[in-house]
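S.K.: this one's sequence-less:
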């Protein structure tokens, strides 16, 4: 019941409802395979079930979970289903959900060290841990010249890297005088769309983004990068930023970070490395070759909210020289002045990203690392990679299917040999079955299906069933 | 115990630990007044208690809450304490915490309608509700030309508004060719620092931000805005963006939106209205005068995560013409193509803000509105405003203190008459006492203390005690 004296939920109601919610979530994970993975509702279906007007008088949340079951769940695409093979994984896990619950309960703001010292210090601590856990360059540590910060997404991290690059290249003149249309950024044809979005936001202009050719494995060609930089310099332009990708969205291609980094060092261009999903693989020493040369990068990000069981949002963004990032984004209005900041002895993370306010996101990451331990996380990465490799072997061995790209880790790009129309039809049949959810891309101009293996609970039996279903639904294609 | 076969937390452990967490949070709110409001730790104290290296082998989270009590809580500044009067409120509440818990559990991504239709449709629905609840212009509704979206913070909303303004002013040429240093933005001397941050990020350059003079109430002077626009046009520059503030950070000043809006209409300049905290006051018809003229605005934001009991992050951002925003931020790589998007019948919120991924944030807002109802929310706004007005009367009546600004709503700016040094000393005494937490600003060149009343559980007794403490700690000043 709503308490009429204050309208607040009483502690007792919070305890009662809270236990129901916890149990609902546990039940949800136990029954998740019974739902169609891709929501089957039509546009407007969910809204049509909701009351037109908000309530004047508050209601008890006593029956809300029944409404969630009836009105919301049909409109959910189940990212936590072990049969979710679309896009990239976006894993939650028990320890992450509880860490995030604690963050919601504490309700602190971490914009300044002073506004909750633990929020800042735990974040710095865990991000320093991850430098060691992933074998990242020591320069990314906070006790060296660099440091890490949690951002919401890789899109925002890329934007911050680009802004720092812009300011380094212009001696902070862009911040003061605005952009002038002469700065150039580089990425590959296979890079994530957020690079283009960032280039637009930061005022460089899309025509000043060069999308560099890739090799047969869809990885950026360093020779093509080099030539393009040369051409741009000859035209009087200023190359300022390269974004290399470790694990592209389309095909998981690994750009050659070392070769690109050597060019960037020589040309004095900021190198950002986007390893949003694949960065997690570096938990296992045998996969660290993907980031060979990372010590040449100025910034780096990967998303524990993809493949590391830490629910969204949690992107870890590192810089090799924090001073440039801070000089790019810092401001100090009087209403935020305080002694610890003035002393220079603390980190104020508001100067490391775009928003001012910030949630205590380090808790969930800390819980995940403590619960799984390094060996638990490695176990899952290895298992997912093995499952993908096995799936790739089956595709290769089948007369009607072919691999569309190399499979360095946990993403398999493949297609039916009957062409684009057949593949789109197959995709629709698979997704409409509700049994699995895949997405597509275009590689070398051909429609390609993507089977991304990384959901926390995906086991061999799920991948086996997916392969059986794919073969079944491909009958009579074309 | 960690299950060694998969390392995942078992459903049973999740249920057991989950109940402990729910009870811990309920207990936390019951004992919150026993903690010093402002954390008393020194830089490095929290980190010194944490293990240097991450665990190789996973640990049970069985004792984690004891560690939270011992290692984390001393480093927490208690934003949810009823004795928190600093900055702005950042309210959590039972229904919001549970809504956010459900969001963590479902773990869906709402970047496209298709990736979880309920995530998009509930958000659109609740943001349409709020148009009516707050008396916002009908053009902000999604069934008109506009629409609302949840952003993380007002900083990000302001940046998106500025980007849309930039593109409208240049017929999308800035996106294509980059900025050229001729666009000008305007805000008042009292605006939030995020406007300057946005101007830097968007490539306009800080020298192209005009900070307009304010009147005796610290509100933007429309005549000064008008003259500055004229001067800029005479210099061949292109005015493109005005940010007006409804409730400034320093003093809660209310810019005259109608007068500013009329200038913007005439000059064809984008008007963004930032009502981050004070926008919530419009739940009560008697306070809607603060947004008089809002129908002249192109965009608007307010933060339920400040004063509307919805935990961070939840900024509601509205535009009068969604096409401009979408044209500014949209991209369509092949790997995101899908039938519902191609049909044009759905909203894809990824094109309404900077990140691609997005959490199901509408749940917590929906829960809050349903739990409190309109009248419950109004009750708290009115109570907070009354408490602030009563506090202001006491300050005015005291011979040693004076009000530093008008008190339109729930923020009281005041100072001891003995000058800056005395006020800073008083502030330090108050905050070091641990009994309350206030912050300061500078108004008219003088150090000013701010008492912001808006924490969910702040009652008359807390404000009474704060005033008693302020008088007590002011003895012997100067």
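M.R.: Alright, I've got the coordinates. These numbers were taken from a predicted model, which means no experiment stands behind them.

S.K.: measure residue A:100 to residue A:93 for me?
M.R.: For residue A:100, the distance to residue A:93 equals 10 Å [Cβ to Cβ, to the nearest Å]. Quick note: C-beta positions are derived from backbone N, CA and C, even for glycine.

S.K.: what ranges does the stretch 251-400 of chain A have for its helices?
M.R.: A:257-267, A:304-307, A:322-329, A:339-343, A:362-397 (DSSP state H, counting those that start in this stretch).

S.K.: give me the buried positions along the first one.
M.R.: Of the residues in helix A:257-267, those buried by neighbour count under the rule 16 or more other Cβ atoms under 10 Å in any protein chain shown are A:257, A:258, A:259, A:260, A:261, A:262, A:263, A:264, A:267.

S.K.: include pLDDT and distance to residue A:61 when you put those residues into TSV, please.
M.R.: Conversion of the buried residues of helix A:257-267 to TSV gives the following (pLDDT from 0 to 100; distance: Cβ to Cβ, whole Å):
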residue	pLDDT	distance to residue A:61
A:257	98	50
A:258	98	55
A:259	98	57
A:260	98	53
A:261	98	53
A:262	98	58
A:263	98	57
A:264	98	54
A:267	98	58
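
S.K.: residue ranges of the helices in the stretch 51-200 of chain A, please?
M.R.: A:64-67, A:94-106, A:117-134, A:154-169, A:173-177, A:193-201.

S.K.: rewinding a little: deepest in the core, which of the helices of the stretch 251-400 of chain A is it.
M.R.: Among the helices of the stretch 251-400 of chain A, helix A:304-307 has the highest mean neighbour count (mean count of other Cβ atoms under 10 Å in any protein chain shown), at a mean of 30.

S.K.: what helices and strands are in contact with it?
M.R.: For helix A:304-307, the elements it packs on are strand A:315-319, helix A:362-397, judged by 3 or more Cβ pairs under 8 Å, 6 or more residues apart in numbering or on different chains; DSSP states H and E.

S.K.: the ones you listed into a markdown table, with extra columns for mean pLDDT and distance to chain B?
M.R.: Putting those into a markdown table (pLDDT from 0 to 100; distance: least, Cβ to the nearest Cβ, whole Å) gives the following:
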| stretch | mean pLDDT | distance to chain B |
| --- | --- | --- |
| strand A:315-319 | 98 | 9 |
| helix A:362-397 | 98 | 3 |
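
S.K.: mind putting the ones you listed in JSON lines, distance to residue B:110 included?
M.R.: Below are the helices and strands packed on helix A:304-307 laid out as JSON lines (distance: least, Cβ to Cβ, whole Å):
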{"stretch": "strand A:315-319", "distance to residue B:110": "17"}
{"stretch": "helix A:362-397", "distance to residue B:110": "19"}
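
S.K.: quick revisit: now for residue A:100 and residue A:93: what residues contact both?
M.R.: Among the neighbours of residue A:100, those also in contact with residue A:93 (Cβ atoms under 8 Å, 6 or more residues apart in numbering or on different chains) are residue A:311.

S.K.: where do the domain boundaries of chain A fall?
M.R.: A:11-99, A:108-359, A:372-473 (automatic domain parsing).

S.K.: deepest of those domains, which one?
M.R.: The most buried one of these (mean count of other Cβ under 10 Å) is domain A:108-359, showing a mean of 22.

S.K.: which residue is the nearest non-sequential neighbour of the residue of chain A found nearest chain B?
M.R.: At 1.8 Å from chain B, residue A:203 is the closest residue in chain A, using Cβ to the nearest Cβ. Closest residue to residue A:203 in three dimensions, ignoring its sequence neighbours and counting by Cβ to Cβ, 6 or more residues apart in numbering or on different chains: residue B:203, at 1.8 Å.

S.K.: interface residues of the stretch 251-400 of chain A facing chain B?
M.R.: Within the stretch 251-400 of chain A, the residues that sit near chain B (Cβ under 8 Å from any Cβ of the partner chain) are A:305, A:311-313, A:328-329, A:331, A:333-337, A:340, A:343, A:345-346, A:354-359, A:367, A:369-376, A:379-380.

S.K.: do that again at 6 Å, thanks
M.R.: A:311-312, A:331, A:333-335, A:345-346, A:354-357, A:359, A:369-376, A:379 (Cβ under 6 Å from any Cβ of the partner chain).

S.K.: across the sheet, point out what pairs with residue A:84.
M.R.: On the basis of DSSP bridges, residue A:84 is bridged to residue A:437.

S.K.: so where does residue A:427 fall, helix or strand?
M.R.: helix A:420-433 (DSSP states H and E).

S.K.: tell me what that helix is packed against?
M.R.: strand A:411-416, strand A:446-452, helix A:460-473 (3 or more Cβ pairs under 6 Å, 6 or more residues apart in numbering or on different chains; DSSP states H and E).

S.K.: at 8 Å what do you get?
M.R.: Judged by 3+ Cβ pairs under 8 Å, 6+ apart, helix A:420-433 is in contact with strand A:411-416, strand A:439-443, strand A:446-452, helix A:460-473.

S.K.: quick one: the strands in the stretch 201-350 of chain A, in order.
M.R.: For the stretch 201-350 of chain A, the strands defined by DSSP state E, counting those that start in this stretch occupy A:209-212, A:238-245, A:270-274, A:299-302, A:315-319.

S.K.: and the residue of chain A closest to chain B, what's its pLDDT?
M.R.: Listed pLDDT for residue A:203 reads 98.

S.K.: do you know how far it is from residue A:171?
M.R.: 17 Å.

S.K.: for the closest residue to residue A:11 other than its chain neighbours, which residues are in contact?
M.R.: Spatial nearest neighbour of residue A:11, excluding adjacent residues (Cβ to Cβ, 6+ apart): residue B:26 at 4.5 Å. Shown in contact with residue B:26 (Cβ under 8 Å, 6+ apart): A:11, A:14, A:15, A:18.
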